[in-house]
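J.: mind folding the following:
(2 chains)
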Amino acid sequence: MKNSRVVVTVVGKDKVGIIAAVTGVLAEAGANILDISQTIMQDFFTMIMIVDIANINTDYSTVVEKLGKVGKELGVQIAAQNEEVFNYMHRI
Amino acid sequence: MPIHYDKNEILETIRMVATENLDIRTVTMGISLRDCTDTNADKFCEKIYDKITKSAENLVPIGEKIENDYGIPIINKRISVTPISLVMNSMNEEDYIKAAIAMDNAAKEVGVNFIGGFSALVHKGCTESEKVFLDSIPKSLAKTERVCSSVNVSTTKAGINMDAVKIMGQVVKETANLTAAGDGIGCAKLVVFCNVPEDNPFMAGAFHGVGEPERVINVGVSGPGVVLNAIKKHPHEDLGTLAEIIKKTAFKITRMGELVGRTASKLLQVPFGIVDLSLAPTPAIGDSVADILEALGLEKCGCPGTTAALALLNDAVKKGGAMASSYVGGLSGAFIPVSEDAGMISAVEAGSLNIEKLEAMTSVCSVGLDMIAVPGETPAETVSAIIADEAAIGMINNKTTAVRIIPVPGKEVGDYVEFGGLLGRAPIMAVNGYSSSNFIKRGGRIPAPLQALTN
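T.: Residues are numbered from 1 along each chain as shown, chains lettered A, B, ... in the order given. Sure thing, here's the model as predicted:
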């Protein structure tokens, strides 16, 4: 794929260790976090990360799978979507 | 590197997928079978099996890869082929059944849930072999699981072939009887069309038209849930403003179809055909076109005002979608299948929605009387007459209309039929009991209307 940037979003109830767990998976795979923003709205934790997966050391699908597993353990929803999705939907 | 997108934009997309059922309904690969003709039926079947399995071998894995990369569900990967009646000319019914079985086996081999193109275009008349083909449809659908059949009996330019309409009433009835064990499920895979589009990606009406290239990728988007939530956020706006809101939402939904279609086309090295801008409901709660009409202010879908609300919805979806895709085609409009839409089912149960109102609704939206279960005792002539009515609406209004009706063997009004999955469940609906028999028996051809004289 031409575009190697992925938007990772984490939404769920706030608890200790969410960022550590998510970034841990990304670091282990060799994905580079380009930007990160986080807010808490009424106890709901929302984190948006832009991640470069150009040089990951494993399959992208494995990374997505691992993120999903971590999400389940933490009780939060994690979505990983290629940046193109947002480009197509929100930019003309 | 900065985030290029507003946080709310990102969360909007996430919400559409996670809670509003935004998905790509189907990525359909069209495959030409015109190079497979053979005077020997067995050889023909071998050729089409080989061609389909070879052409579509990567369709499912690549569909799954795109789902994974973009985080957008692609519900169905499907195949459409050149109408079998055009590439096989046989006077033996068994030959066509063999072809259907070969299509079914090919679909199973590549892992697609439906394959369309067991079809015929007989809007002006049937060739001798096409008559045999039409007769073979019930047995072919009974002996296969994934094959979909469609027959075009009318166009604005040709008029309505009432002989074919008569035959199709009998074909529908026989298909229901041969698949009685599955409550007539064969009829869920059989559509009778007027003005059929040649690039429709949706089943059961998909086939690969004669003007199409060797192979092509067509995409159908979904997203009634997204439109519903957008409308719900504006309970006090006037209808002009709501049309604008629906347009913007349809634009965003269609962009996903465009992205998926272009990516699939590139990865499969198959030309990109069209995005079909249809709002296709599913049995999931909230993923309903009827719910949208009710959110516009109707107490129950089917009450007075329903046709106007549907016209607004259908037009706004097209206007928004047309901007979002470089190639729009297929059916492109709101679907109103009864069994696949929880809101429609509820409206029928409440006594608010009947076949006559649905018929009126089909004059302002795609496609037609879709997934409607009627009593098993409905005569073939009545089924034919229902088909003729829909064909007339399509012919006069220059639009596609279709009938997918299931006369469920042994069931009566008040009973239910369960098809499961995307086909859903349906209450048996009442049909006008007066006879159309003498009208249908006349046969012949209803001439093309004045609208056809455009040159």
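
J.: what does the stretch 51-200 of chain B put close to chain A?
T.: Residues of the stretch 51-200 of chain B found near chain A (CB under 8 Å from any CB of the partner chain) are B:65, B:68-72. Placement of C-beta: from N, CA and C, glycine included.

J.: wait, which of these is closest to chain A?
T.: residue B:71 (3.7 Å; CB to the nearest CB).

J.: residues contacting that closest one?
T.: A:64, A:79-82, A:85, B:17 (CB atoms under 8 Å, 6 or more residues apart in numbering or on different chains).

J.: in PyMOL, select just the buried ones from the residues of the stretch 51-200 of chain B next to chain A.
T.: Paste this into PyMOL to select the buried members of these, with burial taken from 16 or more other CB atoms under 10 Å in any protein chain shown:
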select buried, chain B and resi 65+68+69+70+71+72
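
J.: just the residues of the stretch 51-200 of chain B next to chain A: which are in helices?
T.: Counted as lying in helices by DSSP state H, out of those, are B:65, B:68-70.

J.: what's the closest of those to residue B:439?
T.: Of all these, residue B:70 has the smallest distance to residue B:439: 51.7 Å, by CB to CB.

J.: look up how far chain A lies from residue B:351.
T.: The gap separating residue B:351 from chain A is 40 Å, by CB to the nearest CB, to the nearest Å.

J.: helix/strand/coil for that residue?
T.: Assigned with DSSP: H, G, I helix; E, B strand; the rest coil, residue B:351 falls in the coil class.

J.: for it, the count of nearby residues, please.
T.: When neighbours are counted by other CB atoms under 10 Å in any protein chain shown, residue B:351 registers 9.

J.: all strands of the chain, in order?
T.: Because you didn't say which chain, this covers chain A. Ranges of strands in chain A, per DSSP state E, are A:5-13, A:32-41, A:44-52, A:76-82.

J.: that answer is for a different chain, and I need it for chain B
T.: Using DSSP E, strands in chain B cover B:24-31, B:74-81, B:115-121, B:147-155, B:159-161, B:190-194, B:215-221, B:272-276, B:369-375, B:401-408, B:416-418, B:425-427, B:445-446.

J.: how about the first one, which residues are buried there?
T.: So the one you mean is strand B:24-31. By 16+ other CB under 10 Å, the buried positions in strand B:24-31 come out as B:24-31.

J.: what's the closest of those residues to chain A?
T.: Among these, and counting by CB to the nearest CB, the member closest to chain A is residue B:24, at 11.6 Å.

J.: now the closest one, nearest residue through space, not along the chain?
T.: Distances taken as CB to CB, 6 or more residues apart in numbering or on different chains put residue B:74 closest to residue B:24, at 4.5 Å, once the chain neighbours are dropped.

J.: same check, this time on residue A:39
T.: residue A:46 (5.4 Å).

J.: is it true that that neighbour touches residue A:18?
T.: No: using CB atoms under 8 Å, residue A:46 is not in contact with residue A:18, being 10.5 Å away.

J.: contacting residues around residue B:188?
T.: Per CB under 8 Å, 6+ apart, neighbours of residue B:188: B:204, B:371, B:404, B:406, B:419, B:423.

J.: separation between it and chain A?
T.: Using CB to the nearest CB, residue B:188 is found at 33 Å from chain A.

J.: quick one, grab the pLDDT at that residue.
T.: Per-residue pLDDT puts residue B:188 at 95.

J.: what are the buried residues along the longest helix seen in chain B?
T.: Counting by DSSP H, the longest helix found in chain B is helix B:239-268. Across helix B:239-268, burial judged by 16+ other CB under 10 Å covers B:242-243, B:245-247, B:249-265, B:267-268.

J.: anything in that helix near chain A?
T.: Yes: on the criterion CB under 8 Å from any CB, helix B:239-268 is in touch with chain A at B:252, B:255-256, B:258-259.
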